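Visitor: Let's see this in three dimensions:
(chains A and B, ligands or ions: 2)
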Amino acid sequence: MSTPVLEIHGVHKSFGTLDVLRGIDLTAQAGTVTVILGPSGSGKSTLLRSINHLEKVDRGRVRLDGELIGYRQAGGKLHELGERHILEQRARIGFVFQNFNLFPHLTALENVAEAPIAALKKPKTQVYDHARELLARVGLADKTDVYPRQLSGGQQQRVAIARALALEPRLILFDEPTSALDPELVGEVLDVLRDLAAAGTTMIVVTHEIGFAREAADTVIFMDEGRIVEQGPPAQVLDHPRHERTQSFLSKVL
Amino acid sequence: MSVLSPPRGTGETKTTDELVVPARHPWRWAGTALVLVLLAQLGHGLATNPGWEWGTFTGYFLEKSVIDALLVTLELTLAGAVLGFLGGIPLAAMRLSRNPVLAAVSWTYIWVFRSVPLIVQLLFWANLGYLYDTLQIGIPFGPGWSFSTTNLISSFGAALLGLALHEAAFAGEIIRAGLLSVDQGQHEAAAALGLPRRRQFLRIVLPQAMRAILPNAANLLVNLLKSTSIVYVLAIGELFYQVQVVYGRNGRVVPLLMVATVWYVILTALLSILQYYVERHFARGAVRTLPPTPFQRLKAAIRR
Ligand SMILES: Nc1ncnc2c1ncn2[C@@H]1O[C@H](COP(=O)(O)OP(=O)(O)OP(=O)(O)O)[C@@H](O)[C@H]1O
Ligand SMILES: [Mg+2]
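Guide: Residues are numbered from 1 along each chain as shown, chains lettered A, B, ... in the order given. Ligands and ions are numbered 1, 2, ... in the order given. Predicted coordinates:
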């Protein structure tokens, strides 16, 4: 098997005395969709944030295409990378936030074009053309010159997804992308996620949308109290959970 | 404007099928009438009381020495504001930095310069020669150059230094408040996209911080404009000093104070107009639709 896009080994993270991640191992192959489920406070967001080094882990390693994230290994020691290097690594990982975090003073098009221009230093005209294509792909071809606050929640999240895609990342992390949306807007965002999955984008999605996990996920992971309790194909984890905690969680969500 | 046009709430509008009778607001009418009476009295007093000496006022309003002094006031205000805000940026950055030494230095500076009254500071700088005869710049324990303090700091220099140091402390806090007002999610999104550090600040954080910075900065600027009158203690020929010189000569105190007052009011009005448009520029995206400017509203009213 080829090198996985993402490899996580023994990741630990605590905030003060609170152990939030207690030994996480996770692998994602290219073109796969991994859905992470788990109760509130189980460390799902912290795990995603550790992957692109928004959060520094206390122990363990995160590798993207075999390359260590945030550190350089030399002489049997880990040396933390300088900020510039970390920013370069982050540009290879897309991140979609629960509350979108679009830049309110930039138009939809400018939001999408910002990172390729500033982080990847690509030529502007090419970036803008690509950004228009991406907005069309998420169904917002007519909203290019609109500011985020003039868009509905679902539209904002679709802009945020286009913004993450603009970096042509190896991997996209989604942290509850539909939790801040009204129920009738959830569908339009999930449709975009399904399209991405079908197109072979490598994604890790934290969500409570079990239906989406069932259709789109290759692997479903159930987390609780900073550990991965159970993982496997959706038919196994969702329909025949072995762990009692997974069972009780699913009985509440379903 | 709202005083002259009748208060809204009269007339009936016909919508689809039913007549809509707008609510009546008798107290608005009463309030408007009261304000109009008071304004008329004020105007009458200003026009008829000979104590205002409007003839003397107009004679001096555009007089050369007054205009020259006005330019000095403007010069002090502009230079003080530019230097103050240039100093405020590093002060804010230092106070927000994770380096405790830098944060403490900035905190101390702001504490000291906000505590010392401007007038005391000005007198102190003007009398620097009393404390130190010479000032040396050089490599510690190595060769150096020395200057005489009396030559180094003119009274204009002392005034500018005092104003700039004083402004910087306040500007630093205003900028810091602006930066703090930007949502943490914006910093995170910028970092997650891998934007270079400078770009994160200049393109993402600062433009959003400007929304909170501008009203306070404008306040500071207007305050500075009037604070320049304090430098009269250093015998610098700015507006307030100049009118004092004139009324010291001719004894016409009230009309000359009015000359200075009206100029301060005019300059503040100009600053307020500038503030309106700059704030509007930075409001892009922050509100769903920008309200029309007074000018656009006027045009629309004429067209109707
Ligand atoms: N910066 C921080 N400082 C201190 N504690 C934190 C910090 N970030 C997260 N935590 C704590 O870590 C735990 C896990 O947080 P995390 O956000 O990863 O949970 P989650 O699984 O994403 O939950 P949710 O489903 O509610 O989003 C929580 O108890 C939270 O309070
Ligand atoms: Mg979370």
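
Visitor: Check chain A for the residue nearest chain B and tell me.
Guide: A:A91 (3.2 Å; Cβ to the nearest Cβ). Where you see a C-beta, it was placed from the backbone N, CA and C, and this is true even at glycine.

Visitor: residue contacts, that residue?
Guide: By Cβ atoms under 8 Å, 6 or more residues apart in numbering or on different chains, the contact list for A:A91 reads A:115, A:119-120, A:167, A:169, B:193-194.

Visitor: quick one: which of those residues has the most company?
Guide: B:L193 (29 neighbours; other Cβ atoms under 10 Å in any protein chain shown).

Visitor: For it, report the pLDDT, please.
Guide: Listed pLDDT for B:L193 reads 96.

Visitor: A:L167 is in contact with that one, correct?
Guide: Yes - with contact defined as Cβ atoms under 8 Å, B:L193 counts as touching A:L167 (7.0 Å).

Visitor: Say whether ligand 1 is contacted by stretch B:185-192.
Guide: No - Stretch B:185-192 lies out of reach of ligand 1 by Cβ under 6 Å from any ligand atom, never closer than 11.5 Å.

Visitor: Chain B contacts on chain A?
Guide: For chain A, the contact set with chain B under Cβ under 8 Å from any Cβ of the partner chain comprises A:52, A:54, A:83-84, A:87-93, A:95, A:97, A:99, A:101-107, A:114-115, A:118-119, A:147-150, A:163, A:167.

Visitor: Give the PyMOL command for selecting the buried subset of those.
Guide: Only the buried entries of those go into this PyMOL selection, using 16 or more other Cβ atoms under 10 Å in any protein chain shown:
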select buried, chain A and resi 52+54+87+89+90+91+92+93+95+97+99+101+102+103+104+105+106+107+114+115+118+119+147+148+150+163+167
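
Visitor: Contact partners for residue 118?
Guide: Using chain A. Counting by Cβ under 8 Å, 6+ apart, A:A118 has contacts B:193, B:195-196, B:199, B:203.

Visitor: not what I meant, chain B
Guide: Counting by Cβ under 8 Å, 6+ apart, B:L118 makes contact with B:162-163, B:166, B:227, B:230.

Visitor: again, 6 Å this time
Guide: By Cβ atoms under 6 Å, 6 or more residues apart in numbering or on different chains, the contact set of B:L118 is B:166, B:230.

Visitor: Distance-wise, check it relative to ligand 1.
Guide: Per Cβ to the nearest ligand atom, to the nearest Å, B:L118 is found 42 Å from ligand 1.

Visitor: Likewise for A:F103?
Guide: 23 Å.

Visitor: Touching, that residue and A:V112? I think so.
Guide: No - the criterion here is Cβ atoms under 6 Å, and A:F103 misses it with A:V112 at 10.4 Å.

Visitor: which secondary structure element contains A:V20?
Guide: Per DSSP states H and E: A:V20 is located in strand A:18-28.

Visitor: Quick check: buried residues in that strand?
Guide: A:19-22, A:24, A:26-28.

Visitor: Same check on stretch A:223-236?
Guide: Those would be A:223-224, A:226-231, A:234, for stretch A:223-236 by 16+ other Cβ under 10 Å.

Visitor: what's next to it, contact-wise?
Guide: With contact meaning Cβ under 6 Å, 6+ apart, stretch A:223-236 is reached by A:19-22, A:38, A:42-44, A:213-214, A:217, A:220-222, A:237, A:243, A:245-246.

Visitor: These in helices, which ones?
Guide: Among these, the members falling in helices (DSSP state H) are A:44, A:213-214, A:237, A:245-246.

Visitor: packing partners for whatever helix or strand B:A269 lives in?
Guide: Taking DSSP H and E as the definition, B:A269 sits inside helix B:253-282. Using 3 or more Cβ pairs under 6 Å, 6 or more residues apart in numbering or on different chains; DSSP states H and E, the elements in contact with helix B:253-282 are helix B:54-61, helix B:206-227, helix B:239-250.

Visitor: Would you mind listing the residues in contact with A:R49?
Guide: Applying Cβ under 6 Å, 6+ apart, the residues near A:R49 are A:E55.

Visitor: that older thread, torsion angles phi and psi at the residue of chain A closest to chain B?
Guide: The phi/psi pair for A:A91 (degrees, to the nearest 10) reads phi -70, psi -10.

Visitor: residue contacts, the nearest residue to it once chain neighbours are set aside?
Guide: Among residues not flanking A:A91 along the chain, B:G194 sits closest, at 3.2 Å (Cβ to Cβ, 6 or more residues apart in numbering or on different chains). Going by Cβ under 6 Å, 6+ apart, B:G194 touches A:87, A:90-91, A:119.
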